[in-house]
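1. curious how this folds, go ahead:
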Amino acid sequence: MRFTDRGDAGRQLADRVGFLRLPRPVVAAVPPGGVPVAFEVAQRLGAPLDVVGVRTLGAPLQPGVIVGAVGECRVVVLNQRLVKQLSIAKSWLNAEANRATAAMTGQVGRLRNGLPSPPVLGRVVVLVDDGTANALTVHAAVDVLRRRGAARVVLASPVVAVNALPALRRHVEDVARLEQVSTRQAVGRGYRDFRPVSDNKVRRLLSVAAGLQPDLACEIAVRDGDEGPLMGNLAVPVGAMGLIIFAHGPSDGRRSPERRTLATRLGEAGLGTLLVDLLTEREATRPRAARDVRLLADRLITVTRWVAKRPELGHLPIGYFGVGTGVAAAFVAAAETKLADAIVSCGGYPDPATGWLPQVATPTLLIIGTRDTAIRAANIRAQCALRGVAELETVPGATYPIGGPATRQRVGDLAATWFVDYLRPLTAAAG
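-> Modelled structure (predicted):
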């Protein structure tokens, strides 16, 4: 094994690419694995970093046999010899190319997270991957870059399969590599750590390369008229896809281990979180205030508008995570402000918000426990009343309060997936 991980490979590869003395290069990575490698190359060259969307096409019933690749700009390349040899129908190829293109387009949009692509017109582009075993992927990526106007493309890859080199050289002007291997399977063996790269890590690296601010983590205070401040804990990772505001009662506020566990899971998925106490310290001692849905909703609206006006937060789509007594407040706030782009409800009664539910078109996930007979009935009624997409998930132990670590992990996973699917960035993050 020559490389500790992709970062180590990128630093070694950067030295090799540096010897080429390329004028004003742009670095383009094949995601996700190529991004940590390309980040180091871009830092070394002082070049802008982007991703180039490509995806392979596997043969029918033999997905490991690569017969083609698709890329951005409607690029499709095929291994015509294999297509003919396997008698693959043109209709199947067209359908598979459309499916792969849609998946690739969605992935690239999530990874760029609103960041603009640096222009490549008339420039040298360094195309970087973490290992190259198939020339079809490179062919597709190069076609994308040529269509965007790249004057020259150099492939930089730490590990290259030797049997792919002749085909690679037909598509690029130069190949910078550190190690050659005999087979496709051997590409990953050049690394001690070759674990998959998460989308969140890709977004972070692209944001750092674009010169955006580092992670934001602080305590905030939101004023609401003459009342004392509403205190909260704000955490926003670099390249965040959205900001999730927790709506909960005073008994399980921002310092609750349960809430912090859920917030951490959302942060791992690339989402910002705001754990905020919707009641002041004095109000939290009054049982009636803790059950006052109208008051909790008004406070949530205040916090939401505060977020929307902040220059460092206003570009982020907003999600509500309602828990317990905060569930109904989240629905009321969503109906009245129309500022929430996704809602997750867990272990609470939506009934106090019955009059507002038909006004809520926001995609909503309702999570309940297996033994919550009354809560199940209330959530089924809510699911029918909501105007937008609404799904119901049953998780053992997802009562109120939420159960042990395994239950919290499952609830966190479901919430993270829902928010990632339904939150979309509006603009690039502010620097």
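
2. any idea which helix is longest in this protein?
-> In the chain, taking DSSP state H as the definition, the longest helix is helix 90-112.

3. now the helices: where do they sit in the stretch 51-200 of the chain?
-> Secondary structure of the stretch 51-200 of the chain, counting by DSSP state H, counting those that start in this stretch: helices at 80-85, 90-112, 135-147, 165-171, 199-209.

4. buried deepest among these, which one?
-> helix 135-147 (a mean of 24; mean count of other CB atoms under 10 Å). From N, CA and C alone the C-beta is placed, and that goes for glycine too.

5. tell me the contacts of residue 236?
-> Contact analysis of residue 236 by CB atoms under 8 Å, 6 or more residues apart in numbering lists 215, 216, 217, 243, 272, 273, 312, 313, 316.

6. sorry, back to before: work out the gap between the longest helix of the chain and the centre of the chain.
-> 18 Å (CA atoms, centre = their mean, to the nearest Å).

7. which stretch of helix or strand covers residue 47?
-> Using DSSP states H and E, residue 47 falls within no helix or strand.

8. er, residue 264 I mean
-> helix 257-268.

9. just how off-centre is that helix within its chain?
-> 16 Å.

10. in its sheet, what does the helix or strand that it is followed by sit against?
-> Past helix 257-268, further along toward the C-terminus, the next helix or strand under DSSP H and E is strand 272-276. Using DSSP bridges, strand 272-276 pairs in its sheet with strand 230-236 (antiparallel), strand 243-247 (parallel).

11. what are the buried residues along whichever helix or strand comes after strand 272-276?
-> Downstream of strand 272-276, the first helix or strand assigned by DSSP H and E is helix 287-290. Buried positions in helix 287-290, judged by neighbour count with 16 or more other CB atoms under 10 Å: 289, 290.

12. before we move on, the earlier item: just so I know, which of the strands paired with strand 272-276 lies nearest residue 202?
-> strand 230-236 (17.1 Å; CB to CB).

13. returning to what we had before: most tightly surrounded among the strands paired with strand 272-276?
-> Mean neighbours per residue, mean count of other CB under 10 Å, is largest over the strands paired with strand 272-276 for strand 243-247, with a mean of 29.

14. average pLDDT for it?
-> For strand 243-247, the mean pLDDT works out to 95.

15. by how many degrees do it and helix 257-268 diverge?
-> Computed by axes from the mean of the first three to the mean of the last three CA atoms, to 10 degrees, the angle separating strand 243-247 from helix 257-268 equals 170 degrees.

16. what residues does stretch 410-419 touch?
-> 241-242, 244, 261-262, 264-266, 268-269, 271, 319, 321, 342, 344, 346, 363, 365, 367, 393, 395, 398, 402.

17. what stretches of the stretch 301-431 of the chain score poorly on pLDDT?
-> Low-confidence segments of the stretch 301-431 of the chain, defined by pLDDT under 70, span residues 397-403, 424-431.

18. where along it do the helices fall?
-> So, for the stretch 301-431 of the chain - with DSSP H, counting those that start in this stretch - the helices run 326-337, 373-385, 405-422.

19. tell me which of those helices sits nearest to residue 15.
-> helix 405-422 (36.4 Å).

20. how far does the closest one sit from the chain's center?
-> Using CA atoms, centre = their mean, the offset of helix 405-422 from its chain centre is 13 Å.

21. what angle do it and helix 199-209 make?
-> 60 degrees.

22. which parts of helix 405-422 are buried?
-> 407, 408, 410, 411, 412, 414, 415, 416, 418, 419, 420, 422.

23. with the residues you listed in mind, which one is nearest to residue 160?
-> Of those, the one sitting nearest to residue 160 (CB to CB) turns out to be residue 420, at 33.5 Å.

24. show me where pLDDT drops low in the stretch 51-200 of the chain?
-> 182-186.

25. tell me the domain ranges of this structure?
-> 6-209, 216-422 (automatic domain parsing).

26. now, of the contacts of stretch 410-419, which are buried?
-> Applying 16+ other CB under 10 Å to the contacts of stretch 410-419 flags 241-242, 244, 262, 265-266, 269, 271, 319, 321, 342, 344, 346, 363, 365, 367, 393, 395, 398, 402 as buried.

27. show only the entries of these found in strands.
-> 244, 319, 321, 342, 344, 346, 365, 367, 393 (DSSP state E).

28. need those in TSV (columns: distance to residue 35).
-> Shown next, in TSV, are those (distance: CB to CB, whole Å):
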residue	distance to residue 35
244	25
319	26
321	29
342	26
344	29
346	33
365	30
367	33
393	32
